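Enquirer: Only the shape, not the letters, is given here:
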């Protein structure tokens, strides 16, 4: 009989006895009714931690860590080490078939399978920095600096100093054969090979490599030639070109001593001798008569512009005389042969005149003479004892010589013309004369003066 109260709650009774419900471990259904006190694990002994998935708590039972959901596991037997067992994909326990492997140092092959923990250098002891090229990192080993790729090295044994060793081109170690050589001071050779060198430079090898031995303007191995070392090949001076006592180099290397005489201009001569002239402040310092007042106005002589304007007016003439000389030699049919001693004068004509202090004396002389040679006689003009002019050599045979000169004079002075014998022997000068002793010969002097102020 079933009793209901307000149609909500009911109990089953059999013969007045209350009938109790029980749970069925075969399903999860809980029927309505009265149940005796119990536990779910008592009803179903499988309700146990060992039967519940890890992470799940079911009716107070927390799942065991050993119970896992294997639905997402994908391993197969070949992927699990033999003979280990596992669960994956489906619930049946499986046994792995994966082989246990080891690395072989003889090759680089890594076969599929299980490998025990180790290090690669334990498997192959050659895996070391000393065996790896510099700059390369293999499994954590950085190559040593002493290990180099020699493929781009091209040195041959003849390029390397003997007996040094090296690697190049191929792996075999080689020994150099390059000889050790050196420069020699007595040779111009520059041998191939290794030169030890010299910290002191090339001049430490050849002591002659110094400035004093190198021509000026030339630099040999960075040593410049001295200014005192000259190439004399283009010099052509000879002894007579260089002042006496001075030394020089020319033409050849031997030092020479000059013999050029020292000479000078003389105020009393028109000669311009060859030789060394020491010079003076000016030509006027040599001959004081080389002055503007002694040179015609507008005329320049040796840089001195003349200002003398005398002679233009009669009143400028102070005085003037003409004198002749009479025969004193030996007459022969109208000719006078006059012997003149070598190196001396023979006076032809003279005049004594008194000059004012501000006057310039002017002298003119001439003679007609025959000379034995063309280099024997010259005519000279003297004024107050000073030679002021001289002609060139008088030609041999009959000739007429004329001379003139000037000098500033004052007071009574003697002016004369004379023949000078330049020959090394006494010589005769021949004059056309009269028929009697004392007749004049063709020689005379004219003396005058003009105002200078």
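Expert: Nice, thanks for sending it over. Quick caveat: nothing in here was measured; it's all calculated off a predicted structure. Numbering: from 1, shown residues only.

Enquirer: how deep is residue 206 tucked in, by neighbour count?
Expert: For residue 206, the tally of surrounding residues (other Cβ atoms under 10 Å) stands at 15. For the C-beta atoms, the positions are set from N, CA and C on the backbone; glycine is no exception.

Enquirer: measure it to residue 48 for me?
Expert: In this view, residue 206 and residue 48 are 111 Å apart by Cβ to Cβ, to the nearest Å.

Enquirer: Kindly report the same for residue 158.
Expert: 92 Å.

Enquirer: go on, residue 105?
Expert: Taking Cβ to Cβ, one finds residue 105 at 53 Å from residue 48.

Enquirer: Quick check: residue 165 touching residue 174?
Expert: Yes: applying Cβ atoms under 8 Å as the test, residue 165 and residue 174 come out as touching, 6.6 Å apart.

Enquirer: Looking only at neighbour counts, state which of those two leads.
Expert: Neighbour count, other Cβ under 10 Å: between residue 165 and residue 174, residue 174 has more, with 16 against 10.

Enquirer: residues contacting the more buried one?
Expert: When contacts are counted by Cβ atoms under 8 Å, 6 or more residues apart in numbering, residue 174 touches 157, 160, 165-168.

Enquirer: Which two of those residues have the greatest separation?
Expert: Farthest pair in these (Cβ to Cβ) is 157 and 167. Separation: 11.7 Å.

Enquirer: Mind checking what secondary structure residue 163 has?
Expert: The three-state label given to residue 163 by DSSP: H, G, I helix; E, B strand; the rest coil is coil.

Enquirer: Just give me the neighbour total for it.
Expert: Residue 163: 9 neighbours (other Cβ under 10 Å).

Enquirer: Same question for residue 382.
Expert: 24.

Enquirer: pretty sure it contacts residue 418?
Expert: Yes: at 6.9 Å, residue 382 counts as touching residue 418 under the criterion of Cβ under 8 Å.

Enquirer: contacting residues around the residue nearest to residue 298 when sequence neighbours are not counted?
Expert: Nearest non-adjacent residue to residue 298, counting by Cβ to Cβ, 6 or more residues apart in numbering: residue 306, 6.6 Å away. Taking Cβ under 8 Å, 6+ apart, we find residue 306 in contact with 292, 294-300.

Enquirer: Tell me the one of those residues nearest residue 215?
Expert: Checking these one by one against residue 215 (Cβ to Cβ), the nearest turns out to be residue 300, at 46.7 Å.

Enquirer: where does the closest one fall, phi/psi-wise?
Expert: Reported as degrees, to the nearest 10, the phi and psi values for residue 300 are phi -110, psi 120.

Enquirer: what's the pLDDT at the closest residue to it other than its chain neighbours?
Expert: In space, and not counting its chain neighbours, residue 300 is closest to residue 306: 7.0 Å by Cβ to Cβ, 6+ apart. Note on residue 306: pLDDT of 85.

Enquirer: go on, the one 10 residues further on?
Expert: Confidence at residue 316, expressed as pLDDT, is 40.

Enquirer: cool, and residue 277?
Expert: pLDDT for residue 277: 90.

Enquirer: Same check on residue 433?
Expert: Per-residue pLDDT puts residue 433 at 62.

Enquirer: now the strands: where do they sit in the stretch 301-450 of the chain?
Expert: For the stretch 301-450 of the chain, strands defined by DSSP state E, counting those that start in this stretch occupy the ranges 304-305, 317-326, 330-332, 335-340, 345-371, 377-383, 386-390, 397-421, 427-432, 440-451.

Enquirer: Residue 113: which of those is closest?
Expert: strand 304-305 (129.1 Å).

Enquirer: Residues in contact with the closest one: which ones?
Expert: Against strand 304-305 from outside (Cβ under 8 Å, 6+ apart): 283-284, 290-292, 295, 298-299.

Enquirer: hmm, 7 Å instead?
Expert: With contact meaning Cβ atoms under 7 Å, 6 or more residues apart in numbering, strand 304-305 is reached by 284, 290-292, 295.

Enquirer: what's the neighbour count on the closest residue to residue 395 other than its chain neighbours?
Expert: Among residues not flanking residue 395 along the chain, residue 374 sits closest, at 5.5 Å (Cβ to Cβ, 6+ apart). Using other Cβ under 10 Å, residue 374 has 12 other residues around it.

Enquirer: That concludes my questions; thank you for your assistance.
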